[in-house]
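> Sequence and predicted structure below; questions after.
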Amino acid sequence: MKQSLILLGLVATTTAFTSPVSHPVATSNTALFGGARGGATTLEGKKARVATVKELLDKSEMVITVPASGITVPQSQSLRRSLPEGTTMMVVKNKLMSRAIEGTTYEPIGEMLKGANMWFFIEEDIGGTVKSWNSFVKDNGKKETHTILGGNIEGTNYDSKGVEAISKLPSKLELIAQIAGSINAVPTKLARVVKAPGMKVARAIKLAGEEVNKE
């Protein structure tokens, strides 16, 4: 009986020393996608990331970059909800962005690949996107530290002032409507041009003019 008690005591003591110890997992409160600097952790992940960015670039009328540091998860979620439809917000590691822009009209943004950047891939509503960002930095006390760094539209880079100026221009739909009104174009033909997927501003205007010239 005594031997059994001794054996049980030894088993209990051994189990106490060999049981796994749970440690709290540290979590980051920074809203960056794909890791702390917008990267991927595996080769396949990096390839997928580049492919995703290429698709976004192909659909975008303009891309804008802003500082990514110091933005928390709740702030990021709030900002994303405020963006207009057709605008995608993403943090991309500079090396991956560099690969994604190779061979595209957006290659000049390679000059902007410094530090941690958040990118806005804008399909159409440039003004609405800039307005959402400006409201965000104002509401969160980041107006002095998180100004727009720059942007690119159809292969041309613009600084923060240039981006602000472009954001105040009429949207693609508004511009086509103005052209239609000034030259009495047939609305249905212009609408067909505007609705073409992935249509860029310059090409939309060119095609609109061609439609009008056929009249």
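Perfect, I can see it now.
> Mind checking what helix or strand follows the helix or strand bottoming out on mean pLDDT in the chain in sequence?
Here the helix or strand of the chain ranked lowest by mean pLDDT, DSSP states H and E is helix 2-18, holding a mean of 39. For helix 2-18, the following helix or strand on the C-terminal side (DSSP states H and E) is helix 43-59.
> Now do that next one, average pLDDT.
Throughout helix 43-59, pLDDT has a mean value of 94.
> And it, what's buried?
Buried residues in helix 43-59, counted by 16 or more other Cβ atoms under 10 Å: Lys46, Arg49, Val50, Thr52, Val53, Lys54, Leu56, Leu57. To be clear about C-beta, it is placed using only N, CA and C from the backbone, and glycine gets the same treatment.
> I'd like to know which of those is nearest to Ser82.
Taking Cβ to Cβ as the measure, Ser82 sits nearest to Leu56 out of the buried residues of helix 43-59, at 18.8 Å.
> Next up, the contacts around that closest one.
Residues near Leu56 by Cβ atoms under 8 Å, 6 or more residues apart in numbering: Thr88, Met90, Phe121.
> Tell me how many other residues surround Glu174.
Glu174: 11 surrounding residues under other Cβ atoms under 10 Å.
> Compile the buried residues of helix 43-59 into JSON lines and extend it with columns for distance to Arg80.
Formatted as JSON lines, the buried residues of helix 43-59 follow (distance: Cβ to Cβ, whole Å):
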{"residue": "Lys46", "distance to Arg80": "23"}
{"residue": "Arg49", "distance to Arg80": "18"}
{"residue": "Val50", "distance to Arg80": "22"}
{"residue": "Thr52", "distance to Arg80": "16"}
{"residue": "Val53", "distance to Arg80": "17"}
{"residue": "Lys54", "distance to Arg80": "21"}
{"residue": "Leu56", "distance to Arg80": "14"}
{"residue": "Leu57", "distance to Arg80": "19"}
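> ok, so of those residues, who is nearest Lys95?
Lys46 (8.6 Å).
> Tell me the spacing between the spatially closest residue to Ser167 that is not a sequence neighbour and Tyr158.
Closest residue to Ser167 apart from its sequence neighbours, by Cβ to Cβ, 6 or more residues apart in numbering: Val130 at 3.7 Å. Val130 is 12 Å from Tyr158, where distance means Cβ to Cβ, to the nearest Å.
> Which one's more surrounded, the two?
Taking neighbours as other Cβ under 10 Å, Val130 and Tyr158 compare with Val130 leading, 22 against 17.
> re earlier: and the residue nearest to Ser167, what element?
Val130 is part of helix 126-139, with elements assigned from DSSP H and E.
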